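1. predicted model follows, preceded by the sequence.
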Amino acid sequence: HHQRHRFASSASKEPLVPKIVFLGPPGVGKGTYAKRIAKWLDVPHIAVGDLLRAEVKAESELGLQVKSLVEKGSLVPDSLVLDLLKNFLEGLSRGSCSTAGDDDDGTTRVFFERSVSSAGGYVLDGFPRTVSQAQMLSDFQNVNLVLNLFLREDVLIEKCLGRRICTKCNGNYNIADIYRAADPAANQPEIVMPPLDIPEKCKPHIVTRQDDREEVILKRLDIYKQEAAPLENFYRERGLLLDYEITGGIEHTMPTLSPAVINGLKH
């Protein structure tokens with residue numbers, strides 16, 4: 001039932017290089033889906049937060065600048081983040097770095113016949129966050145798909161409140177068992193999200209993240225909405241935005257999200 005084998009473009013066309021940006025509110029599972037789609041397309045998953053942390057750890061010139069800013073509680077300026085991203089993408093086009101997906105989720109990785117080429121492609125996660133960042137990015141990168149993940153707000157909040165972390169292995173789990181019946185009148189699909197069960201070995205080490213409290217979640221959502229609306233419009237006006245509603249867990253979502261991505265890249 002995977003539709004992806006039907007997408008073969010004519011051989012005369014240049015193969016499509018996926019340059020994808022993932023947008024979505026905190027708690028929607030953006031990082032999880034970005035990672036899996038990247039692995040499935042065989043391109044690196046670039047989480048800008050991870051790039052910054054890696055530079056700090058490596059104590060590079062850029063890393064030291066970032067470190068002193070973070071220690072002062074300042075935001076890292078756009079220009080710095082863009083320099084970092086430029087360096088990383090240039091390294092990619094030279095083939096010097098790649099990030100491997102570590103979790104196998106049963107979606108077979110497919111090397112699309114001529115229609116999609118992984119060379120030079122990527123999935124960007126956590127950047128851009130503002131229109132000015134998006135404009136700066138478009139100066140040196142032609143993004144060809146912006147995937148905007150969304151989820152009903154009451155479900156999103158319940159999901160954030162259910163998040164649990166293992167302090168020993170950094171595993172992410174979720175105790176929320178979410179069900180919402182479909183409401184055709186309100187155009188609401190059925191939502192089924194089973195919990196991500198905590199393994200026995202992690203149970204003694206489980207904590208709730210400091211910022212997964214309701215008032216903090218609501219504040220994060222508010223900030224996100226203020227930034228997201230203009231950013232969505234920026235990409236919508238350019239014909240790059242694909243809205244995708246999350247209505248279930250990973251196993252439920254991947255079989256429809258994957259072909260939607262390929263379809264989005266084609267149009």
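-> Structure received.

2. can you give me the strands in the protein?
-> With strands called from DSSP state E, the chain shows them at 19-23, 45-47, 122-125, 145-150, 163-166, 172-174, 178-180, 191-193, 206-207, 241-245.

3. so for Lys219, which of the ones you listed sits nearest?
-> Closest of those to Lys219 is strand 163-166, at 16.1 Å (criterion: Cβ to Cβ). C-beta here means a position set from N, CA and C on the backbone, and glycine is covered the same way.

4. so Leu242 touches Leu145, yeah?
-> Yes: if you go by Cβ atoms under 8 Å, Leu242 and Leu145 touch, sitting 6.3 Å apart.

5. comparing the two, which shows the higher neighbour count?
-> For Leu242 versus Leu145, neighbours defined as other Cβ atoms under 10 Å are more numerous around Leu145 (23 against 19).

6. for the more buried one, give the beta-bridge partners.
-> Ile20 (DSSP bridges).

7. just checking, it touches Ile262?
-> No: between Leu145 and Ile262 no contact is recorded; they are 9.6 Å apart, counting by Cβ under 8 Å.

8. thinking again about what came up before, now the common contact residues for Leu242 and Leu145.
-> With contacts taken as Cβ atoms under 8 Å, 6 or more residues apart in numbering, the residues that reach both Leu242 and Leu145 are 261, 264.

9. excluding chain neighbours, what is closest to Leu82?
-> What sits nearest to Leu82 in space, not counting adjacent residues and going by Cβ to Cβ, 6 or more residues apart in numbering, is Met136, at 5.4 Å.

10. what's the per-residue pLDDT of the one you found here?
-> What the model reports as pLDDT for Met136 is 94.

11. now do the contacts for it.
-> 78-79, 82, 128.

12. for the stretch 51-200 of the chain, what are the low-confidence residue spans?
-> Residue ranges of the stretch 51-200 of the chain with pLDDT under 70: 95-117.
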